[in-house]
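Trainee: What would the 3D arrangement of this be:
(one chain, ligands or ions: 1)
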Amino acid sequence: MDIRKLVPNTGRFNKKNDKFKKNKQKPVPEVKKKKWQLIDEEVAVLKTKYSEINSSKVEKFTDFPLSKLTLDGLSASKYSKPTDIQRESIGLALQGHDILGAAKTGSGKTLAFLIPILEHLYREKWTPLDGMGALIISPTRELAFQTFQVLKKIGTSHDFSAGLVIGGKHVREEKERMTTTNIVVCTPGRLLEHMEETFNFTADSLQILVLDEADRILDLGFAEAMNAIIENLPASRQTLLFSATQTKSVKDLARLSLKDPMYVSVHEHATHSTPAKLEQSYIVCELHHKINVLWSFVKNHLYSKVLVFISCCKLVSYIHEAFRILRPGQTILALHGGMNQIKRMEVYDMFCRKKHAVLFATDIAARGLDIPAVNWVVQMDCPEDVNTYIHRVGRTARFEQNGEALLILLPSEEEAMVKQLIDRKIPINQIKVNQQKIVNLKCKLEANCASCLELKAMAQRAFKAYIKNIYLMKNKKVFDVTKLDTELYARSIGLAFPPRIRFLQKHNKQLASQKPSDTDPYSKHKTFSDSEGEGEEQSENESSSEQTEDKMVCAYDSGNHSKSKAALGFEVDDEGEQLFSVKHVDVDVPEGFGKIDVNMLTSTKNRTITREEEVKKKQKLARKANVSLNKKIVFEEGKEESDEEDVDEKRGLNIELAKKRMEEADKSDKELYRQLIKQRKRDEKIKLKEKKKAELDEMRKRLAAEDGEEDEEVEVVFHKGDVDDDQDPLDFIPDPDQIYNNTDEEASSEEEEEEERPKTKKRKVEVESESDDDEDDDTGDEDEDVSGVGASLPDDEELALRLLQKY
Ligand SMILES: Nc1ncnc2c1ncn2[C@@H]1O[C@H](COP(=O)(O)OP(=O)(O)OP(=O)(O)O)[C@@H](O)[C@H]1O
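Mentor: Numbering: from 1, shown residues only. Below you'll find the model as predicted:
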């Protein structure tokens with residue numbers, strides 16, 4: 001076999017081959033590395049540097065072994081130098097340690113956990129297909145939202161998907177995205193909802209868990225949800241806990257199964273536990289002056305941004321509404337957990353944007369929120385504990401800025417609270433209030449509440465919520481409900497009398513039964529102690545309905561005059577729903593007035609039935625029988641029938657009135673009868689005339705026929721109707737006299753008939769004699785109508801003459 005034949009053009013091939021050989025000898029340009037290769041290389045380099053991190057030498061973010069993408073994000077967000085907590089914790093987190101981070105408010109803890117998250121997932125080359133790699137849990141929606149915004153800012157160069165999972169949003173949309181979200185920022189409740197309900201969503205691949213405001217997340221309020229969440233998380237994960245008031249509870253740490261956590265507390269040895277540029281002071285004022293002090297403060301700080309903390313939602317709502325009506329000349333906003341999510345976000349956003357405004361808020365705004373340029377934090381109500389105080393005041397003087405904080409304390413709260421604050425290294429000074437500058441709002445609020453029932457209801461709810469809140473506080477050294485002058489407090493917020501609070505009454509009873517010999521410790525609180533007494537106890541035992549019993553007590557219970565004042569005031573149930581049950585009458589109550597007749601409340605067996613009860617019974621029976629008593633139905637033209645309650649006819653039947661009505665009805669019936677008779681006579685008359693004319697015509701024809709003359713004119717007779725002469729057309733009308741059987745009326749009826757009869761006779765004669773109809777008054781008009789039907793007198797005479805001539 002010829003190879004050449006088999007391999008044609010070998011020469012050319014060799015030539016090509018030579019070229020190839022020549023090319024091969026040239027240096028080959030370096031192939032551009034794939035993206036993943038670069039990432040691999042970068043990650044490898046970064047990893048090697050982790051062990052060399054020395055936080056004391058870190059001055060800029062670039063001194064950390066951070067990915068280029070993270071550094072890009074930081075510089076785009078204008079973060080160049082790390083804060084203390086960032087410097088201390090980022091290195092440890094990159095090395096993979098579990099961290100307990102603590103630093104003052106506004107010191108940059110958010111970046112301290114966000115940067116390690118981005119780096120961790122970058123290192124692991126995380127993609128959307130890998131699912132949830134990092135989880136950040138926040139105690140409030142606002143804080144979760146804020147964290148999410150910062151994450152978006154610094155993570156802008158990364159390819160990870162991030163999601164905000166908080167309540168109040170469309171859960172279905174969230175469900176669809178949950179499985180492909182790499183970084184989830186959430187509140188505990190909503191996360192648990194997804195863990196339980198979202199198909200395909202698991203936390204199995206979780207790499208890093210962050211609890212922001214960790215002490216709050218791990219406290220009792222979230223215990224149940226958090227235990228359930230932790231159960232669903234993989235044990236092999238990194239956990240970072242951050243807070244300004246970090247937990248050191250072994251129990252908490254055990255719950256999270258932390259592995260050799262590093263405690264990073266950058267301000268542990270600082271002189272103060274609050275920001276250095278924060279000025280703090282407190283004033284002591286009576287409970288009933290609080291609202292006046294707050295108003296005066298707002299009026300004196302119209303060009304400031306003020307955040308006011310109030311203990312409960314209902315009080316926030318009321319003060320917001322009451323101040324809004326009074327128009328302080330400043331934007332007034334309210335934020336609390338009872339509001340819907342959209343409104344919450346709107347208010348939060350508006351307060352962030354405003355230069356001058358006042359925001360009344362509950363503790364949902366106490367933690368973590370980074371609201372720009374807040375000048376003042378006012379704590380209208382004493383915080384639950386020192387931690388809450390630290391977080392509240394931390395909303396101002398953030399990140400090296402100035403700020404001021406004012407705490408309003410009751411005389412009963414002062415000693416214990418101030419001691420606790422000082423023990424926790426909080427520099428706080430008392431300032432005196434210039435009483436002359438305080439505006440008393442009492443009258444205005446009272447007037448507003450009186451004119452607006454909704455406002456009054458809000459005030460009542462606020463009052464009760466505040467008392468309840470104080471009552472439920474754990475720290476009894478600070479919060480002593482028995483030291484509150486509730487009556488004065490109620491008046492100060494616009495209420496004439498304090499609403500009853502049942503739980504306190506029960507509490508007082510318990511205390512009283514425990515110490516029977518002691519003097520009543522609650523004697524100062526008229527509302528609670530005064531409405532209790534023999535009467536109440538009796539009624540409580542006897543009555544099955546608690547609510548009914550409460551009203552009874554409120555209305556009747558009064559052993560002495562002064563006590564009755566509060567008891568006779570309006571009464572509101574615990575939920576604030578029943579607001580206006582007893583009208584207040586401020587009168588002197590005679591001795592023994594308030595005693596309840598227990599028999600009266602419980603048994604009706606031996607009582608004589610009153611007339612009123614009897615009437616009610618009858619009405620009930622009538623209702624059952626579908627009969628309405630004492631009702632007049634008025635028919636008016638063009639209107640629908642209307643029922644009219646006759647004032648005089650409230651009870652029983654009024655014979656006189658019934659008689660009068662019968663008379664009226666009788667008269668109208670007779671009038672109708674008269675009209676019908678007239679009509680009948682008219683008809684009869686017409687018929688007679690027609691008959692007569694027909695006879696005459698007949699006669700004429702006959703005569704003409706006999707005379708052999710043709711009658712050229714044929715008269716046409718018009719019949720008014722085909723009435724059967726034998727049948728009386730008025731038969732269907734009942735005789736009213738027969739119906740009413742009224743003897744008095746019989747006479748008059750007969751008289752009327754008497755009047756009718758002669759006329760009828762006369763007219764019959766007239767008709768028979770074909771006399772002039774004009775004389776008949778009754779038929780005057782109709783006569784004209786029928787005049788053309790009959791023959792004229794000359795005609796008749798002529799006809800008669802002709803007949804006489806003939807016969
Ligand atoms: N490295 C930084 N450089 C400049 N500003 C920073 C830096 N880190 C954080 N900040 C700013 O400091 C402010 C407070 O930060 P951050 O909200 O993280 O504080 P925090 O410690 O979490 O406060 P809190 O305890 O109240 O939650 C923010 O406005 C943030 O932008």
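Trainee: drop to CA atoms for contacts and neighbour counts, all remaining ones
Mentor: Fine.
Trainee: quick one: low-confidence ranges for this structure?
Mentor: Residue ranges of the chain with pLDDT under 70: 1-29, 169, 515-615, 617-654, 706-807.
Trainee: Which parts of the stretch 401-550 of the chain are helices?
Mentor: Ranges of helices within the stretch 401-550 of the chain are 411-423, 442-451, 453-472, 486-492, 502-514, 526-530, 534-542, 546-556, based on DSSP state H, counting those that start in this stretch.
Trainee: Relative to H320, which of those helices is closest?
Mentor: Nearest to H320 among the helices of the stretch 401-550 of the chain is helix 453-472; the distance by Cα to Cα comes to 10.6 Å.
Trainee: Buried residues in that closest one, which are they?
Mentor: Within helix 453-472, the residues that qualify as buried are 455-468, 470-471, counting by 16 or more other Cα atoms under 10 Å.
Trainee: Assign a three-state SS to the closest residue to I431 other than its chain neighbours, would you?
Mentor: Spatial nearest neighbour of I431, excluding adjacent residues (Cα to Cα, 6 or more residues apart in numbering): I283 at 5.5 Å. Judged by DSSP: H, G, I helix; E, B strand; the rest coil, the three-state class of I283 is strand.
Trainee: And the strands in the stretch 1-150 of the chain, which stretches?
Mentor: 99-102, 134-137 (DSSP state E, counting those that start in this stretch).
Trainee: who wins for proximity to G403 among those?
Mentor: strand 99-102 (21.2 Å).
Trainee: Could I get the CA-only coordinates of that closest one as CSV?
Mentor: The C-alpha trace of strand 99-102 is given here as CSV (Å, rounded to 0.1, in the frame of the first residue of the first chain):
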residue,chain,number,x,y,z
ILE,A,99,-18.3,36.0,70.2
LEU,A,100,-20.1,37.8,73.0
GLY,A,101,-19.7,41.4,72.0
ALA,A,102,-20.5,44.3,74.3
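Trainee: what about it, near the ligand?
Mentor: No. Shown here: strand 99-102 not in contact with the ligand (Cα under 6 Å from any ligand atom), separated by at least 8.5 Å.
Trainee: Can you list the strands that that strand pairs with?
Mentor: Using DSSP bridges, the strands paired with strand 99-102 are strand 238-243 (parallel), strand 262-265 (parallel).
Trainee: still on that earlier bit, just give me the closest of the buried residues of helix 453-472 to S265.
Mentor: Relative to S265, the closest of the buried residues of helix 453-472 is I470; by Cα to Cα it sits at 32.9 Å.
Trainee: ok, now which ones touch A462?
Mentor: Taking Cα atoms under 8 Å, 6 or more residues apart in numbering, we find A462 in contact with 312, 314-318.
Trainee: Turn those residues into TSV, columns for secondary structure, distance to T274 and neighbour count.
Mentor: Output for the contacts of A462, formatted as TSV (DSSP: H, G, I helix; E, B strand; the rest coil; distance: Cα to Cα, whole Å; neighbours: other Cα atoms under 10 Å):
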residue	secondary structure	distance to T274	neighbour count
C312	coil	24	20
K314	helix	29	22
L315	helix	27	23
V316	helix	26	23
S317	helix	29	24
Y318	helix	31	22
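Trainee: Which of the residues you listed sits closest to the ligand?
Mentor: For these, the minimum distance to the ligand (Cα to the nearest ligand atom) is 21.1 Å, reached by C312.
Trainee: how far away is F242 from G221?
Mentor: In this view, F242 and G221 are 18 Å apart by Cα to Cα, to the nearest Å.
Trainee: Give the buried residues for stretch 68-87.
Mentor: 69-74, 79, 81-87.
Trainee: Could you give the number of residues near V43?
Mentor: Per other Cα atoms under 10 Å, the neighbour tally for V43 reads 20.
Trainee: scratch that, R674
Mentor: Using other Cα under 10 Å, R674 has 15 other residues around it.
Trainee: and it, how far is that from the ligand?
Mentor: Relative to the ligand, R674 is positioned 99 Å away (Cα to the nearest ligand atom, to the nearest Å).
Trainee: Same question for D385.
Mentor: Per Cα to the nearest ligand atom, D385 is found 16 Å from the ligand.
Trainee: who in the stretch 251-400 of the chain is up against the ligand?
Mentor: When proximity is defined by Cα under 6 Å from any ligand atom, the stretch 251-400 of the chain lies next to the ligand at 367-368, 370, 394, 398-399.
Trainee: okay if I get those residues as JSON lines plus neighbour count and secondary structure?
Mentor: Formatted as JSON lines, these follow (neighbours: other Cα atoms under 10 Å; DSSP: H, G, I helix; E, B strand; the rest coil):
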{"residue": "R367", "neighbour count": "25", "secondary structure": "coil"}
{"residue": "G368", "neighbour count": "27", "secondary structure": "coil"}
{"residue": "D370", "neighbour count": "20", "secondary structure": "coil"}
{"residue": "G394", "neighbour count": "29", "secondary structure": "coil"}
{"residue": "R398", "neighbour count": "24", "secondary structure": "coil"}
{"residue": "F399", "neighbour count": "17", "secondary structure": "coil"}
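Trainee: Closest one to the ligand out of those residues, please.
Mentor: G368 (3.2 Å).
Trainee: of all of the stretch 201-350 of the chain, which residue lies closest to the ligand?
Mentor: Ranked by Cα to the nearest ligand atom, the top residue of the stretch 201-350 of the chain for proximity to the ligand is A244, at 4.9 Å.
Trainee: shouldn't that residue be in contact with A103?
Mentor: Yes. With contact defined as Cα atoms under 8 Å, A244 reaches A103; the gap is 4.9 Å.
Trainee: Name the nearest of the contacts of A462 relative to N300.
Mentor: N300 lies nearest to V316 out of the contacts of A462, by Cα to Cα, at 20.1 Å.
Trainee: isn't the closest one right up against F360?
Mentor: Yes. Between V316 and F360 there is a contact under Cα under 8 Å: 6.0 Å.
Trainee: Tell me the residues that contact both of these two, please.
Mentor: Listed as contacting both V316 and F360 by Cα under 8 Å, 6+ apart are 310, 334-335.
Trainee: So which of those residues are in helices?
Mentor: Judged by DSSP state H, the subset of the shared contacts of V316 and F360 located in helices is empty.
Trainee: Counting only strands, which of the residues you listed make the cut?
Mentor: 334-335 (DSSP state E).
Trainee: Reformat the shared contacts of V316 and F360 as JSON lines; add neighbour count.
Mentor: Listed next are the shared contacts of V316 and F360 as JSON lines, based on neighbours: other Cα atoms under 10 Å:
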{"residue": "I310", "neighbour count": "23"}
{"residue": "A334", "neighbour count": "24"}
{"residue": "L335", "neighbour count": "26"}
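Trainee: Output the shared contacts of V316 and F360 as a markdown table; include the columns distance to K476.
Mentor: Output for the shared contacts of V316 and F360, formatted as a markdown table (distance: Cα to Cα, whole Å):
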| residue | distance to K476 |
| --- | --- |
| I310 | 19 |
| A334 | 29 |
| L335 | 28 |
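Trainee: wait, which of the shared contacts of V316 and F360 is closest to K355?
Mentor: Closest to K355 out of those is A334 (16.2 Å), distances taken as Cα to Cα.
Trainee: List the contacts of the closest residue to that closest one other than its chain neighbours.
Mentor: Spatial nearest neighbour of A334, chain neighbours left out: F360 (4.7 Å); criterion: Cα to Cα, 6+ apart. By Cα under 8 Å, 6+ apart, F360 lies in contact with 307-310, 316, 320, 332-335.
Trainee: now swap in L118 and tell me
Mentor: Counting by Cα under 8 Å, 6+ apart, L118 touches 70, 155, 158.
Trainee: Just the residues contacting stretch 386-405, thanks.
Mentor: With Cα under 8 Å, 6+ apart, stretch 386-405 has contacts from 105-108, 244-245, 273-275, 277-281, 309, 363, 365-371, 373-379, 383, 420-421, 424.
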